[in-house]
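Novice: following is a predicted model, sequence given first.
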Amino acid sequence: MKSILLLRPDKAGDLIKSLPAIRALNSMGSNFEVHVMTSQANHSILKFEPAITYSVLPNNWAEKTDEKLKSIIKEITHNAYFDSAINLLCDPFADVERLLNLSPAQDKFSVISESLPVGVWPLSLQKGTPENRDETLNIGELLERALEVEILNSIAFKDTSPKLGVEDFSEAEINLGFKEGFWLGICPFAGTANRTHSTKKWIKFIAKILTYSKYKKCIVFGAPSDSETLHEIAQKLNCPERLYISIPSSFRALGAYLKRCDQVVAVDSGPLHFSLSLGIPSLGFLSGGDHLRWFSRVSPKDKIIRRGIFNRYPSYIEMLWHFSRWA
């Protein structure tokens with residue numbers, strides 16, 4: 001059995017896109033023992049993944065010196081040594097390449113880049129770049145080339161959604177209460193500022209949605225770091241009987257909250273990927289970018305708005321126009 005270290009030290013949405021490829025690799029039985037090095041932002045997703053172990057990096061790992069980072073890696077992996085280590089990021093990132101270089105493994109692989117350290121095997125994608133191709137397939141191709149296995153054909157048959165626990169459903173039921181009527185989930189925050197639309201625009205948008213009698217409850221989700229903005233939204237809209245503010249205990253727990261919603265509206269973020277993976281009808285407002293790469297597997301009940309007409313962010317009027325036709 002070969003021990004494999006997979007690097008995914010970034011956002012939760014990226015790990016969700018990686019899950020089918022990781023599961024396809026893991027399903028090869030006794031061939032591989034899979035361990036994932038992950039981030040504080042996404043590690044909760046892996047808690048219920050069978051036969052996969054993981055270690056969690058501190059938030060400021062990229063700021064550490066090589067010596068300190070090497071010590072951290074040694075501690076969180078419990079002094080393990082791996083046969084192969086693979087960087088699952090399909091774009092060049094010098095920080096992650098450094099992390100890979102310091103990881104304890106015999107063979108190390110990463111997508112080809114000018115900053116790739118000596119001793120790391122460069123991997124090229126079929127098209128040369130990951131653009132305009134489903135990211136899960138890009139990740140699967142990296143694994144195929146690094147490990148000389150065939151998993152792309154089986155990826156399509158793997159579940160795309162994170163596995164939830166009993167405690168997640170219990171938390172969502174306690175915090176959201178008895179399900180009655182039609183519920184709309186709203187996720188206005190992204191992990192990076194350039195994907196988060198203005199709070200003012202969301203307040204105007206949600207105020208209009210609250211006039212729709214169809215929605216018994218509108219739930220605005222956020223992380224602890226969003227609490228100040230969530231409070232502002234609740235205060236300015238002042239509709240406690242229909243507007244609910246919710247901060248799940250973990251990103252994984254968010255999935256149980258989303259499953260109680262009938263529809264979800266979100267920006268280009270982990271929650272949007274989560275909602276789509278769970279099969280909840282979703283409307284996504286992006287801010288440009290490669291939508292074919294990240295949102296090529298949407299169903300007819302979903303709608304992805306790539307950008308606004310005159311600006312990378314759709315205007316309030318555009319958001320309402322698309323919402324009314326989708327909802």
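Specialist: Happy to help now that I have it. Residues are numbered from 1 along each chain as shown.

Novice: and the longest helix along the chain, what does it pack against?
Specialist: Longest helix in the chain by number of residues, with DSSP state H as the criterion: helix 12-26. For helix 12-26, the elements it packs on are strand 2-8, strand 32-38, helix 135-147, helix 152-155, helix 270-277, judged by 3 or more CB pairs under 8 Å, 6 or more residues apart in numbering; DSSP states H and E. For every residue, glycine as well, the C-beta is placed using N, CA and C.

Novice: so which bits of the fourth one are buried?
Specialist: The reference is to helix 152-155. Under the neighbour-count criterion of 16 or more other CB atoms under 10 Å, helix 152-155 has 154-155 buried.

Novice: that helix - what's its average pLDDT?
Specialist: Taken as a whole, helix 152-155 has a mean pLDDT of 90.

Novice: how far off centre is that helix?
Specialist: How far helix 152-155 lies from its chain's middle: 20 Å, per CA atoms, centre = their mean, to the nearest Å.

Novice: circling back to that earlier point, check the helices and strands packed on helix 12-26 for me and report the most buried one.
Specialist: Neighbour counts (mean count of other CB atoms under 10 Å) averaged over each of these peak at helix 270-277, with a mean of 26.

Novice: give me the contacts around that helix.
Specialist: If you take CB atoms under 8 Å, 6 or more residues apart in numbering as the criterion, helix 270-277 is touched by 11-13, 16-17, 41-42, 160-162, 185, 187, 190-191, 221, 251, 254-255, 258, 264, 266, 282, 284, 294-295, 297-298, 302.

Novice: mind giving me the packing neighbours of the worst-scoring helix or strand of the chain on mean pLDDT?
Specialist: One helix or strand of the chain scores below all others by mean pLDDT, DSSP states H and E: helix 152-155, with a mean of 90. Where contact means 3+ CB pairs under 8 Å, 6+ apart, helix 152-155 is packed against helix 12-26, helix 135-147.

Novice: okay, angle between the first one and helix 270-277 too, please.
Specialist: Think helix 12-26. Angle, helix 12-26 to helix 270-277, by axes from the mean of the first three to the mean of the last three CA atoms, to 10 degrees: 50 degrees.

Novice: let me know the pLDDT of the nearest residue to residue 259 once chain neighbours are set aside.
Specialist: Nearest non-adjacent residue to residue 259, counting by CB to CB, 6 or more residues apart in numbering: residue 278, 5.9 Å away. pLDDT for residue 278: 97.

Novice: ramachandran angles for residue 278?
Specialist: Residue 278 adopts backbone torsions of phi -80, psi -10, taken as degrees, to the nearest 10.
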